[in-house]
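> Mind folding the following:
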Amino acid sequence: MKRITIVLLAMMAVLTGCDLVMSDGTLFGTIEEENAAGIANGFAGGNGTAENPYLISSAEQFRIIGTEDFQNELLKGENDDLYFRLTSDIDLSNQEGYVAEVFSGTLDGDGHTIYGSNDMPYIFYYYLEDTTFCNLNIEFADSNISRLFVYPLLCVEKDGNNYIYDKAELNLVMDNVDFVASSNGFYPVDDSNFAFYVPNGVANLDLYCDGAYILSYLGKVSTANVDNLSYKIELSDCDVSGNFIGGFGGSGAAVFTSGQFGGAEVNMADCSFDGSFVGLNVSLLIANGSGCDGSEVTADNVTGSTIYPYSDNSSLYFAVSTPSSFSGMIPGVTGTFEKREFNITLEPGTKNSELNIAADGVTNADRYEVKLYLPSMYWYTDGTYSTYTGIPTNSNTFTIAGTSLDDIENLYAAKVISKAEADRAGITAEWDSSRRSEEGLMYSFVENDGQWYLVIDYEEAGLYRLYTKDGFQSDLDYSGYMKKVVVIATDSSGSAVGVGYASIV
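All right, here's what the predicted structure looks like:
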């Protein structure tokens, strides 16, 4: 069995192609070479090599990465040496779902910005093999975040219980990648193993790369009979700004890394967080400390504004499950960490009941936001609901806001359906065009045969969404309840002065 070294590190620009200047003084993009991907493309220029990267100047060109031909090439596991470079800002504000399922190669933003969408929780779903992101800004839309990717993929051969990887090392580069909020409001984030940069993984997938087997969790590889596995994680010059709320699940949320490193060496340098991170289990560095025993974590000049956890499990370094080998602080990390107590109550929090919100202990609140965590939703191409795009989301939220709790009345722990589904089922809702969520969607709570529903009018906004994957159903027994409710109160400066939450049970 080959020794495998998986290295996730920030490398010098001359090695990655970021800010690369050729020996003759010219910038890359000036040398003509054979198309590195071996397929026709509609980019603004380039052939995909380090010397002559694919040049991307528009959202349409960026979406070429997600086309079937390009995805098939990437899934071969042989194109991790493709190079892409942005030549202008990319506006993805109208994007629904991810741009591409898989990305592999080097994406140099050259200092440009990708503008996210409220409906694009991630730009790429997976990164495969050697991948580099550098010199890139990602600006969120007004109410939801957009990350670069969710999970790592590793293409291997499977021999019985053994996994065989044919390279000496695997590189993930995160160098000078910034996430920027466009709003002063609090953006909801995932609750389990969330981080903006180094993600956690999932179990094995039904994806194959040229007949080989794909593993989607590097920690899984380390327990799957791959001999002498070691890997290294490094972030360099990565900054996040904005206000966020999350970590209400058992695996927590953090700014920089998700955790569960499985013995990795983890280094972070010159990274910063400017804002507030509020939630049950939240931290600056690492979300989930489970599986981190044996890992070496170092930090150099990593700073954070304010971390507000509402549990006793969290620290500035770990959101949950601090490993026994990390009994003290991690040098090189500074930030404000302030444990708080919930001062807003939501009762009773049971299905099909009215939600009573009380904030008697809150003072100086200028605004209240109620964030409803909705069940999985599925997107269709048009009003016939005959073509499912293949893009679900299970992390969508719905925000109702007001200057006082009197503005937020008659909320129910309800089942969630679209207006199209309600119309088909013969459920009539009352509609008021002035009653909209912060996402701009009309909504109505309606009771039918003793069951409460939150009905959302997606079509009025030009969106075609159902809460079922295979089109309309004959009844509404399939529909699911909202998962949890979070309330946050802010003062005139936008600082959180009250938080409460309830899981819907």
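> So for this protein, the centremost residue is which one?
Centroid check for the chain by Cα atoms, centre = their mean gives residue 147 as the closest residue, at 4.3 Å.
> ok, for it, nearest residue in space, not its chain neighbours?
With Cβ to Cβ, 6 or more residues apart in numbering as the criterion, residue 147 has its nearest non-adjacent residue at 4.7 Å, and that residue is residue 122. C-betas here are computed from N, CA, C, even on glycine.
> ok, now how distant is the one you found from residue 68?
Going from residue 122 to residue 68 by Cβ to Cβ, to the nearest Å gives 19 Å.
> mind listing what the residue nearest to residue 147 touches?
Contact partners of residue 122, counting by Cβ atoms under 8 Å, 6 or more residues apart in numbering, are 98, 146, 147, 148, 149, 150.
> Test my guess that the first one contacts residue 390.
No. Contact criterion Cβ atoms under 8 Å: residue 98 and residue 390 do not qualify, at 10.2 Å.
> Of those two, which one has the most company?
residue 98 (22 against 10; other Cβ atoms under 10 Å).
> Could you pull up the residues touching the nearest residue to the more buried one once chain neighbours are set aside?
In this structure, residue 98 finds its nearest non-sequential neighbour in residue 125, 5.0 Å apart by Cβ to Cβ, 6+ apart. Neighbouring residues of residue 125 by Cβ under 8 Å, 6+ apart: 98, 100, 101, 102, 149, 150, 151.
> Least confident of those?
Model confidence across the contacts of residue 125 bottoms out at residue 151, which has 75.
> Just list whatever residues bridge to it.
Under DSSP bridges, the beta-bridge partners of residue 151 are residue 126.
> Could you tell me how many residues sit around it?
Applying other Cβ under 10 Å, we find 18 residues neighbouring residue 151.
> I'd say it and residue 128 touch.
No. At 9.9 Å, residue 151 does not count as touching residue 128 under the criterion of Cβ under 8 Å.
> For the chain, which segments are assigned as helices?
Residue ranges of the helices in the chain, as given by DSSP state H, are 13-16, 59-62, 68-74, 218-222, 419-425.
> Identify the bridge partners of residue 115.
In beta-bridge terms (that is, DSSP bridges), residue 115 pairs with residue 91, residue 139.
> any low-confidence regions in the chain?
Under the criterion pLDDT under 70, the flagged ranges of the chain are 1-34, 36-40, 77-80, 154-171, 199-231, 262-263, 327-328, 394-395.
> domain assignment for it?
The chain breaks down into these domains under automatic domain parsing: 15-188, 345-503.
> so which of these comes closest to residue 286?
The minimum distance between residue 286 and the domains of the chain falls on domain 15-188, with 15.0 Å, by Cβ to Cβ.
> In contact with residue 471, which residues?
385, 386, 388.
> what about residue 411, distance to residue 466?
Noted for residue 411: a distance of 23 Å to residue 466, by Cβ to Cβ.
> hmm, back to that, could you say which one of the domains of the chain comes nearest to residue 297?
Nearest to residue 297 among those is domain 15-188; the distance by Cβ to Cβ comes to 15.8 Å.
> what distance separates that closest one from the centre of its chain?
Distance, stretch centre to chain centre, for domain 15-188: 15 Å (Cα atoms, centre = their mean, to the nearest Å).
> Then stretch 361-379?
Offset of stretch 361-379 from its chain centre (Cα atoms, centre = their mean): 19 Å.
> May I see the buried residues of it?
Going by neighbour count (16 or more other Cβ atoms under 10 Å), the buried part of stretch 361-379 is 362, 365, 367-374, 377-379.
> ok, of those, which one's closest to residue 60?
Using Cβ to Cβ, residue 379 is the member of these that lies nearest residue 60, at 19.5 Å.
> excluding its backbone neighbours, what's nearest the closest one?
Per Cβ to Cβ, 6+ apart, closest to residue 379 is residue 389, 4.8 Å.
> Check residue 288 too.
residue 259 (3.7 Å).
> likewise residue 458?
Per Cβ to Cβ, 6+ apart, closest to residue 458 is residue 465, 4.5 Å.
> Counting neighbours, what do you get for that neighbour?
Close neighbours of residue 465, defined as other Cβ under 10 Å, add up to 23.
> I'd say it and residue 380 touch.
Yes. Contact criterion Cβ under 8 Å: residue 465 and residue 380 qualify, at 6.9 Å.
> Ramachandran coordinates for the nearest residue to residue 505 once chain neighbours are set aside?
Spatially, and ignoring its direct neighbours in sequence, residue 505 is nearest to residue 350 (6.1 Å; Cβ to Cβ, 6+ apart). Residue 350 adopts backbone torsions of phi -100, psi 150, taken as degrees, to the nearest 10.
> Distance check, residue 350 against residue 414.
Relative to residue 414, residue 350 is positioned 12 Å away (Cβ to Cβ).
> Compare the two (neighbour count), which wins?
With neighbours defined as other Cβ under 10 Å, residue 350 and residue 414 compare such that residue 414 has more, 24 against 12.
> Spatially nearest residue to that one, not counting backbone neighbours?
residue 452 (4.0 Å).
> how close does the one you found get to residue 277?
Per Cβ to Cβ, residue 452 is found 33 Å from residue 277.
> swap in residue 498?
Distance from residue 498 to residue 277, by Cβ to Cβ: 16 Å.
> Between those two, tell me which one has more neighbours.
The neighbour comparison of residue 498 against residue 277 (other Cβ under 10 Å) goes to residue 277, with 30 against 20.
> I'd say the residue nearest to residue 379 and residue 101 touch.
No. With contact defined as Cβ under 8 Å, residue 389 does not count as touching residue 101 (11.9 Å).
> Mind checking which of those two has more residues around it?
Between residue 389 and residue 101, residue 101 has the larger neighbour count (other Cβ under 10 Å), namely 19 against 13.
> Would you confirm that the more buried one contacts residue 124?
Yes. At 7.3 Å, residue 101 and residue 124 qualify as touching, with contact defined as Cβ under 8 Å.
> circling back to that earlier point, which of the contacts of residue 125 sit farthest apart?
100 and 151 (13.4 Å).
> ok, back up a step: of all the domains of the chain, which one is nearest residue 336?
Once the domains of the chain are compared by Cβ to Cβ, domain 345-503 is nearest, at 11.8 Å.
> Tell me how far the closest one lies from the chain's centre.
Put simply, domain 345-503 sits 21 Å off its chain's centre (Cα atoms, centre = their mean).
> Could you give the separation between the terminal residues of that domain?
In domain 345-503, first residue to last residue: 12 Å (Cα to Cα, to the nearest Å).
> follow-up on the earlier one: just list the residues touching the residue nearest to residue 288, thanks.
Per Cβ under 8 Å, 6+ apart, neighbours of residue 259: 193, 195, 200, 251-252, 286-292, 318-319, 321.
> I'd like to know which of these is nearest to residue 62.
Nearest to residue 62 out of the contacts of residue 259 is residue 195 (Cβ to Cβ; 23.7 Å).
> Check whether the closest one really touches residue 252, as I assumed.
No. Counting by Cβ under 8 Å, residue 195 sits too far from residue 252 to count as a contact (9.6 Å).
> out of the two, which sits in the more crowded spot?
Remark: of residue 195 and residue 252, residue 252 carries more neighbours, 33 against 25, as counted by other Cβ under 10 Å.
> Could you list which residues are in contact with the more buried one?
By Cβ under 8 Å, 6+ apart, residue 252 lies in contact with 191-194, 259, 281-283, 287-288, 313-314, 318-321.
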